[in-house]
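Pasting the sequence and the predicted model now:
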Amino acid sequence: MTPAYLVLCRIALSVLSVLLRKGHRQLLVLAHLIDAGLIGMLFVRLYTVGECECVLGPWTAATSIAFSVDRIGLTFVSLAFALSVAVTLYTWRDALKPYAFLLLNLLVGACYALSFTKDLFNAYVLFELITLSSFLLVGYDRKPCQIWASLRYLILSSFGMTIFLFGIAVAYYHAGTLHLDALASAVAANPSSPWITLSAALLVTGVSVKAGVFVFSLWLPSAHAEAPPAVSALLSGLVIKMGVVELFRLSGVFPLETTLLVLGFVTAFLGLVYAVRTKHIKRMLAFHTLSQIGYLLIGFGAGTESARVGALDYAVAHGLFKGLLFLVVGEIATLAGSDDLDQLVQHRDRFPRACRWMLIVACLGILGLPPFAGFAAKAVLEAGIHSTLVHALVALVSVGTAASFAKLVPLLSRPFGGPRCAVPRAVGYGWLGAAILFFLPLSRLLVPQPIWLTTFNALAFVEALAAVLLGFAVYRLLQHVPWRLPRNIFRIEEALTAVLAGFILVWSLLAAA
Amino acid sequence: MNGSIGIIVAISLFGVGTLGLILRRDLVIKLLALGLVNTSAILCLLSLDSQATSAPPLLVPAYTQQMIDPLPQALVLSAIVINFAILALALVFVMRIVEQYHTLDPQRVEHEVEEERR
Amino acid sequence: MNRSIRRSLYITSIFALVGAFCAIVWHGFTYAGAGSASVQRWIETATLLGTRNVVSSIYLGTRFLDSVLELLVFAVAVLGVRHFLDETAPGSTAEPPDPSSESHVVSAAARLMLPIVVLLGLYLAVHGHLSPGGGFSGGVVAASGLLMAAIAIGSAPVSRRLAPPTALERIEWSAMLLILALVVAPVAISLPPFSPLLPAGTVGRLASGGNVLPYNLLIAIKVFIGSWTVVQQFLRHRGGI
């Protein structure tokens, strides 16, 4: 029953924060303490008893909603908790209306529920709740460019969720159930029926609009770039991962390996190409998020257990360092008054000194160097890939990541000269930095995996270092090549056309497999 | 006359709505098309299991033999409320955009936003 | 290639794409009459919960979490509408036309119909567990009665007769808190949350159905106030933005 308490407690506290006039931050602190206690209890139960499924209420799974407390769910709940603490600390001194506290609490509570849920329609309602809260948070300052970005987000997201609802209709009509496990047995009983291909394609298309797959999520760069910094951190770090969780759960029901591989490669490469090219720092981070989601999909599509575990851990690690990056970059961009990288380099003397170290920690995490969280996750993922072609392409993705982050070197090469960082924000950054350093050892301690110890060796370290250096070299080469990328594809009409085209691509991949 | 007519109509409405969403250059008409797209999914859910002889989902002895499946109807209730919320908010955002840029054409709004950024 | 050819090529390709989508969906649907869902489990659930309306035993009984979340979506949307529209629009010079000067027949008829419509909404909400209806439709019907009155006699006179907006917001969110309290209350008697508290009673009587009647009433209050807020904001800004 504990996962239900986790969700209900957050929802109850969010409703209270609208009713009360003062004391919102104390309520937030209380919420986080209760969450920490409940999550700890869930971890203990997972470690001692194992994975279990609990149904909401005194009914059976056939008539009610089922939450499954497994390793995936708990990992993402911890990610949601960590980012929620960081964002609370970041916005500690900002003047926020009670409505903002409601939205933040609801967003986190819905992410808790979505990590656990095993019911298709519950996932639909939770996705819509998350969409609505994040859409309102993106437009919170009421600036026109934010309103335009979030309107595009809303239209595309609603379109994608309607496609998801069609998928639910097809799946329910033929399988008679909304529970993912029962659906999996219905699929396995009759694997070549046409309805399976159709419902898998519809469901995957619907979730991919939210999950940050490049062809479907063309709303992502502007929405993540225009939002206020704390909201960008939540969006890029947490909300996208919820789509990834649902894709993972769907890949346990339908045979999605080839589809995920293809989508993963397309997303990773197109995201990197745009990330290397752009000079607007928040957009670069948003494009880089897209490419990392592609990397995760490759991990899921590879099919082996090691690759899946590595992909999940990398998802959480990426959430942590992308969250930290967005928070710090948000602060320095506000201080400099501009998002352009050259302007940021010029105004370096305005930024707090601590921000430079935090940026360095986050970048080292992204580049995959030990001992930060990214390194072990990437090593585990690559150990699970057996085909040399996929291996080579994954190595290219690492090189590309390094290339896109090489442009931050001039910003970080000399110390910042500004005033001290505000204490709550410094604590928030420190919290995330510590999480990046200690995340993976902690998770391995709690849930032992035999794969891990074999991957932490010198060859992996050399590979990571070589990828970074190669990436820097590639960036220097590409700097002098004038090439223009199409910017028109991020408009509403083109984005919708891309969703339809992507659906046809996914359906043909599934029908051919 | 069974549910297949409802499903064909739902799919056609989805197609018409998507065409309107992509091809029309007026933000309010795009929102109407989005509403149409959402409603088509609801129609599809409702006509899933319906036959000419289906009875309403009430616990009356005359109806329990041929009762229609009540689960899609419960799902549809949630979906309708969610669609209403989304359309209301999207309309509010369109109102703010029109107030700022004095145009309902999305290409012109894009152009203005790009200009502002420079 | 000149513009009109390019434009018609674009339109044709969009039509082809959407047509392909619809064809794929229809082909894969493989509709074959009755599906494989069994209705028996829902009849048993409804008998257990004591509601004559089987659908309300689903969305207010076994799958109540979905309804709680969707109520939150609705409430957040209402707050969002108020957050964005709650200030005077700059540069709005047009005054909305004064409706009360238009026709006495319309305003008299609206004043006559308003209590009937609100009573109808209340009836739908209270009898949600006996016949099709429930809190959502009851609340919307009652709010539409207020909308009719606001169109006929102006939204300002109608808002003046209701409680002030902050009080309405408090009532709405207190209803939400009461719903959550009813959900969590079974924990105090060592039952899991979402269990029915009130007894099921005999099917068909007003006092039956467990928690469904209180849920319907609270949902009706919430949806009524929320819909009226949204509608009133839009009415106030007509001609303005």
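It's in.

can we go C-alpha only for contacts and neighbour counts from here?
Fine.

Tell me the pLDDT of residue A:286.
The score at residue A:286 is 90. That number is its pLDDT.

scratch that, residue B:1 is what I was asking about
Looking at residue B:1, the pLDDT reads 69.

Flag every buried residue along the helix or strand residue A:509 falls within.
Element membership for residue A:509 (DSSP states H and E) is helix A:492-512. Counting neighbours by 16 or more other Cα atoms under 10 Å in any protein chain shown, one finds that the buried residues in helix A:492-512 are A:492-493, A:495-507, A:509-510.

Can you point out the helix or strand that includes residue A:295?
Taking DSSP H and E as the criterion, residue A:295 maps to helix A:281-301.

wait, does that helix make contact with chain B?
No - using Cα under 8 Å from any Cα of the partner chain, helix A:281-301 stays clear of chain B, with a minimum separation of 13.2 Å.

Just the CA trace of that helix, in PDB.
Written as PDB, here are the backbone C-alpha positions of helix A:281-301 (Å, rounded to 0.1, in the frame of the first residue of the first chain):
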ATOM      1  CA  ILE A 281      23.100  27.400 -24.500                       C
ATOM      2  CA  LYS A 282      19.600  26.300 -23.200                       C
ATOM      3  CA  ARG A 283      18.700  25.100 -26.700                       C
ATOM      4  CA  MET A 284      21.900  23.100 -26.800                       C
ATOM      5  CA  LEU A 285      21.100  21.500 -23.500                       C
ATOM      6  CA  ALA A 286      17.600  20.600 -24.800                       C
ATOM      7  CA  PHE A 287      18.900  19.100 -28.100                       C
ATOM      8  CA  HIS A 288      21.500  17.200 -26.000                       C
ATOM      9  CA  THR A 289      18.600  15.800 -23.900                       C
ATOM     10  CA  LEU A 290      17.000  14.500 -27.100                       C
ATOM     11  CA  SER A 291      20.200  12.800 -28.100                       C
ATOM     12  CA  GLN A 292      20.600  11.100 -24.700                       C
ATOM     13  CA  ILE A 293      17.000   9.800 -25.000                       C
ATOM     14  CA  GLY A 294      18.100   8.300 -28.300                       C
ATOM     15  CA  TYR A 295      21.000   6.700 -26.500                       C
ATOM     16  CA  LEU A 296      18.600   5.200 -23.900                       C
ATOM     17  CA  LEU A 297      16.300   3.800 -26.600                       C
ATOM     18  CA  ILE A 298      19.300   2.100 -28.100                       C
ATOM     19  CA  GLY A 299      20.000   0.500 -24.800                       C
ATOM     20  CA  PHE A 300      16.400  -0.700 -24.500                       C
ATOM     21  CA  GLY A 301      16.400  -2.000 -28.000                       C
END
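
Pull the helix holding residue A:509 out as CSV, backbone CA atoms only.
Taking Å, rounded to 0.1, in the frame of the first residue of the first chain, the C-alpha atoms of helix A:492-512 are listed here in CSV:
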residue,chain,number,x,y,z
ILE,A,492,3.3,23.2,-35.4
GLU,A,493,2.4,22.0,-38.8
GLU,A,494,5.7,20.3,-39.5
ALA,A,495,5.8,18.8,-36.1
LEU,A,496,2.3,17.3,-36.6
THR,A,497,3.3,15.9,-40.0
ALA,A,498,6.4,14.4,-38.4
VAL,A,499,4.3,12.6,-35.8
LEU,A,500,2.1,11.1,-38.5
ALA,A,501,5.1,10.1,-40.6
GLY,A,502,6.8,8.7,-37.5
PHE,A,503,3.7,6.6,-36.8
ILE,A,504,3.9,5.1,-40.3
LEU,A,505,7.6,4.4,-39.8
VAL,A,506,7.0,2.7,-36.5
TRP,A,507,4.1,0.6,-37.9
SER,A,508,6.1,-0.6,-40.9
LEU,A,509,9.0,-1.5,-38.6
LEU,A,510,6.7,-3.5,-36.4
ALA,A,511,4.9,-5.1,-39.3
ALA,A,512,8.2,-6.1,-40.9
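
Give me the neighbour count for the closest residue to chain A within chain B.
Chain A sits closest to residue B:22 of chain B, with a gap of 4.9 Å, by Cα to the nearest Cα. Residues near residue B:22, counting by other Cα atoms under 10 Å in any protein chain shown, number 18.

Three-state assignment for it, please.
Following DSSP: H, G, I helix; E, B strand; the rest coil, the label given to residue B:22 is helix.

Name all residues that make contact with it.
Shown in contact with residue B:22 (Cα atoms under 8 Å, 6 or more residues apart in numbering or on different chains): A:492-494, A:496-497, B:30.

residue ranges of the helices in chain B, please?
B:3-23, B:27-46, B:71-101, B:106-117 (DSSP state H).

related to what we said a few turns ago, distance to residue A:59 and pLDDT for the contacts of residue B:22 - can I get that in JSON lines?
As requested, those are exported to JSON lines (distance: Cα to Cα, whole Å; pLDDT from 0 to 100):
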{"residue": "A:492", "distance to residue A:59": "44", "pLDDT": "88"}
{"residue": "A:493", "distance to residue A:59": "45", "pLDDT": "90"}
{"residue": "A:494", "distance to residue A:59": "46", "pLDDT": "89"}
{"residue": "A:496", "distance to residue A:59": "41", "pLDDT": "92"}
{"residue": "A:497", "distance to residue A:59": "43", "pLDDT": "92"}
{"residue": "B:30", "distance to residue A:59": "43", "pLDDT": "95"}
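
For the residue nearest to residue A:51 when sequence neighbours are not counted, give its distance to chain B.
Distances taken as Cα to Cα, 6 or more residues apart in numbering or on different chains place residue A:70 nearest to residue A:51, at 4.8 Å, with adjacent residues excluded. Going from residue A:70 to chain B by Cα to the nearest Cα, to the nearest Å gives 27 Å.

now residue A:255
25 Å.

just residue A:236 next, same as before
Taken as Cα to the nearest Cα, the span from residue A:236 to chain B is 22 Å.

Any idea how many residues pack against that residue?
Neighbour tally, residue A:236, other Cα under 10 Å: 25.

check which helix or strand covers residue 77.
All of this refers to chain A. Here residue A:77 is assigned to helix A:71-90, by DSSP H and E.

switch to chain C, that's the one I care about
If you go by DSSP H and E, residue C:77 is part of helix C:64-85.
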